[in-house]
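K.L.:
how would this look folded up:
(chains A and B)
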2 protein chains.
Amino acid sequence: MKRTERACIITQILTEHPNKDYSLGFFADKFGCAKSSISEDLKLVRTAMDEAGLGYVETTSGSKGGVRYVPYITKEESIAGLEKMKAMLEDPSRNVGGGYIFTTDLLYDPEIGQACAMQFAKHFASSEADIVVTIETRGIGVAMLTARLLDLPLVVIRREARVSEGATISINYYSGSSDRVQKMSLAKRAIKPGSKAVIIDDFMRNGGTLKGIEDMLTEFDAKAVGFGSVIVTQGVRDKKIGNFFPIMILSDTEDGYRVAINPDII
Amino acid sequence: MKRTERACIITQILTEHPNKDYSLGFFADKFGCAKSSISEDLKLVRTAMDEAGLGYVETTSGSKGGVRYVPYITKEESIAGLEKMKAMLEDPSRNVGGGYIFTTDLLYDPEIGQACAMQFAKHFASSEADIVVTIETRGIGVAMLTARLLDLPLVVIRREARVSEGATISINYYSGSSDRVQKMSLAKRAIKPGSKAVIIDDFMRNGGTLKGIEDMLTEFDAKAVGFGSVIVTQGVRDKKIGNFFPIMILSDTEDGYRVAINPDII
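P.N.:
From the prediction side, this is the model:
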């Protein structure tokens, strides 16, 4: 294989496996060539990615010494996906009454889901999290795509424990979105003590659910190192968590609601 | 930018957006060069991918005339991810009693989830589906990753309708896994009439849930064009659907269960 072809395949493998560590030896074996050649190939891939501003190749230290691909998205590249999402959210037919907005299809649209996941992966790239945590159901798609980009396992908290979960821990919490006390459950074996979690959810009103998940984590001797929510409602003063990263900000107006993209993103 | 760098960036963009159509004009604008140059770059990318056997570049016809990246995984490349999954499934500590196996973490592991999604995307690449459908909760991660690889929207059927879903359609069905009649609900606006669906689920015993989803689809004047289940139990004769694609096959033994990878895959 020629250098250019090797560079394309290395780019493809790295892009398919974000944040996964690869040793130079892995590629050397794959292509049957010297590590020094792979080093040169990687320089080429790195230069190309740097110029395009779509993710970058990071050198990993340690005994194996290799590389990983860190996904990145520029402000300019972010706009298209997020504007599409904003326009869809603003469609008045999504207002299903009672202050509720139909968002399900949106969060499971692969383009929009991936656009959100990309923002979360970029924002939490340096969080040193070991796991991504969400609660069923609507946020699971975006959380899974985020977990893939960060190469971290996803943990999904259930409303009710299922028989196949084995022993579980349950807590009650106040959910502002539904204005009532709700329950969440998680298998005892789902989280290792000492884990650091990025929490991802689809919708946040006063942060009660995210606070509930944070409390749940303490039951596992684990802790939250970041909070991300696809949609956050503005104007609720009494947010139960301090530092969260929203993608879309919703504010009530007299005749419905208004949608804005988090200004830190674009 | 040099040809090699352009080829790397084209590879990266295509790989990040599986099955999405790109016109030559898109890349020509991006790199500020002629479509004929992009054509040459693409030849290079195509040759590289063909040699590596990891996905391929397909030419799309029609007025725009462009390319798309179709993910593919060879039998040889499949083995590592699937063997890891098999070994994890065979761990006796997963047997939580009552014939149930703890699989949750496994399905939300990004490496295993992506390995399964890759098999589904490969198997259903020619299904001409418009949507991927699953039912909450455990299969959502793999279904979302599959939907991303096929560039199709995911539709998630709920057990109980939520207020934010608007008008819903509900049906009852017999679930062999839980040995009882269960309910499933879906927002009326979730599926367009005439849609063709690939149905993905995490676990199939007698196929009652998949059959239920098939029935649900007829309520939307939609139809199933494929069934995929991560784990399927062997030995249940009376499967309610005929043609399904499993990744792992589970068979009961006197002292537990045995796991095999679908022999069509490896």
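K.L.:
which SS state does residue A:62 fall under?
P.N.:
coil (DSSP: H, G, I helix; E, B strand; the rest coil).
K.L.:
how close does it get to chain B?
P.N.:
Per Cβ to the nearest Cβ, to the nearest Å, residue A:62 is found 20 Å from chain B. Any C-beta I mention is one placed from the backbone N, CA and C, and that applies to glycine too.
K.L.:
count of neighbours near that residue?
P.N.:
Residue A:62: 8 surrounding residues under other Cβ atoms under 10 Å in any protein chain shown.
K.L.:
how about the one 3 residues further on?
P.N.:
In terms of burial, residue A:65 registers 13 neighbours under the definition other Cβ under 10 Å.
K.L.:
quick check: it touching residue A:24?
P.N.:
Yes - between residue A:65 and residue A:24 there is a contact under Cβ atoms under 8 Å: 7.0 Å.
K.L.:
could you list the low-pLDDT ranges of the stretch 151-266 of chain A?
P.N.:
Flagging of the stretch 151-266 of chain A using pLDDT under 70 yields the residue ranges A:236-238.
K.L.:
which stretches in it count as strands?
P.N.:
Taking DSSP state E, counting those that start in this stretch to define them, one finds strands in the stretch 151-266 of chain A at A:154-157, A:168-175, A:180-187, A:196-204, A:223-233, A:245-253, A:256-261.
K.L.:
what separates the second one from the chain centre, distance-wise?
P.N.:
Between the centre of strand A:168-175 and the centre of its chain there are 23 Å (Cα atoms, centre = their mean, to the nearest Å).
K.L.:
could you say which helix or strand holds the residue most central in space within chain A?
P.N.:
Nearest to the mean C-alpha position of chain A, counting by Cα atoms, centre = their mean, stands residue A:146 at 2.9 Å. Per DSSP states H and E, residue A:146 falls inside helix A:140-150.
K.L.:
and that helix, what does it pack onto?
P.N.:
The elements that helix A:140-150 packs onto, with contact taken as 3 or more Cβ pairs under 8 Å, 6 or more residues apart in numbering or on different chains; DSSP states H and E, are helix A:110-123, strand A:131-135, strand A:154-157, strand A:196-204, helix B:110-123, helix B:140-150.
K.L.:
one more time with 6 Å
P.N.:
helix A:110-123, strand A:131-135, strand A:154-157, helix B:140-150 (3 or more Cβ pairs under 6 Å, 6 or more residues apart in numbering or on different chains; DSSP states H and E).
K.L.:
tell me which of the ones you listed lies nearest to residue B:12.
P.N.:
Across these, residue B:12 has its closest neighbour in helix A:110-123 (13.3 Å, Cβ to Cβ).
K.L.:
what angle sits between that closest one and strand B:131-135?
P.N.:
70 degrees (axes from the mean of the first three to the mean of the last three Cα atoms, to 10 degrees).
K.L.:
so how many other residues sit close to residue A:198?
P.N.:
27.
K.L.:
does it touch residue A:130 like I think?
P.N.:
No - using Cβ atoms under 6 Å, residue A:198 makes no contact with residue A:130, being 9.3 Å away.
K.L.:
domains for chain A, by residue range?
P.N.:
A:3-70, A:75-261 (automatic domain parsing).
K.L.:
quick check: closest non-adjacent residue to residue A:96.
P.N.:
Nearest residue to residue A:96 in three dimensions, chain neighbours excluded: residue B:166, at 3.9 Å (Cβ to Cβ, 6 or more residues apart in numbering or on different chains).
K.L.:
up against chain B, what does chain A have?
P.N.:
With Cβ under 6 Å from any Cβ of the partner chain as the criterion, chain A meets chain B at residues A:4-5, A:7-9, A:11-12, A:15-16, A:45, A:48, A:52, A:96, A:100, A:102, A:108-110, A:136-137, A:140-141, A:144, A:147-148, A:151, A:153-154, A:163-164, A:166.
K.L.:
buried subset of the residues you listed?
P.N.:
Neighbour-count burial (16 or more other Cβ atoms under 10 Å in any protein chain shown) applied to the residues of chain A next to chain B gives A:4-5, A:7-9, A:11-12, A:15-16, A:45, A:48, A:52, A:96, A:100, A:102, A:108-110, A:136-137, A:140-141, A:144, A:147-148, A:151, A:153-154, A:164, A:166.
K.L.:
what about the helices in the stretch 1-150 of chain A?
P.N.:
Counting by DSSP state H, counting those that start in this stretch, the stretch 1-150 of chain A has these helices, from start to end: A:3-16, A:24-31, A:35-52, A:75-90, A:104-107, A:110-123, A:140-150.
K.L.:
what mean pLDDT does the first one have?
P.N.:
Spelled out, that is helix A:3-16. Per-residue pLDDT over helix A:3-16 has a mean of 96.
K.L.:
now do stretch A:54-69
P.N.:
86.
K.L.:
how far does that stretch sit from the chain's center?
P.N.:
21 Å.
K.L.:
please apply the same query to stretch A:120-138.
P.N.:
On Cα atoms, centre = their mean, the centre of stretch A:120-138 falls 5 Å from that of its chain.
K.L.:
repeat that for stretch A:190-198.
P.N.:
16 Å.
K.L.:
just the buried residues of it, please?
P.N.:
Neighbour-count burial for stretch A:190-198 [16+ other Cβ under 10 Å]: A:190, A:191, A:195, A:196, A:197, A:198.
K.L.:
who touches that stretch?
P.N.:
With contacts defined as Cβ atoms under 6 Å, 6 or more residues apart in numbering or on different chains, stretch A:190-198 is touched by A:124, A:127, A:129-133, A:155, A:217, A:220-222, A:224-226.
K.L.:
pick out the most distant pair among these.
P.N.:
A:124 and A:221 (21.1 Å).
K.L.:
those two - which one has more neighbours?
P.N.:
Using other Cβ under 10 Å as the criterion, residue A:124 and residue A:221 rank with residue A:124 on top: 23 against 11.
K.L.:
so who does that one touch?
P.N.:
Per Cβ under 6 Å, 6+ apart, neighbours of residue A:124: A:198, A:226.
K.L.:
list phi and psi for it.
P.N.:
phi -100, psi 20 (degrees, to the nearest 10).
K.L.:
per-residue confidence for it?
P.N.:
97.
K.L.:
how much space separates it from residue A:246?
P.N.:
Distance, residue A:124 to residue A:246, using Cβ to Cβ, to the nearest Å: 13 Å.
K.L.:
number of residues surrounding residue A:32?
P.N.:
Residue A:32 has 8 nearby residues by other Cβ under 10 Å.
K.L.:
got JSON lines for the strands of the stretch 151-266 of chain A, with distance to residue B:78 too?
P.N.:
Below are those laid out as JSON lines (distance: least, Cβ to Cβ, whole Å):
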{"stretch": "strand A:154-157", "distance to residue B:78": "22"}
{"stretch": "strand A:168-175", "distance to residue B:78": "34"}
{"stretch": "strand A:180-187", "distance to residue B:78": "29"}
{"stretch": "strand A:196-204", "distance to residue B:78": "29"}
{"stretch": "strand A:223-233", "distance to residue B:78": "32"}
{"stretch": "strand A:245-253", "distance to residue B:78": "34"}
{"stretch": "strand A:256-261", "distance to residue B:78": "39"}
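K.L.:
quick check: which of these is nearest to residue A:57?
P.N.:
Nearest of the strands of the stretch 151-266 of chain A (Cβ to Cβ): strand A:196-204, 22.8 Å.
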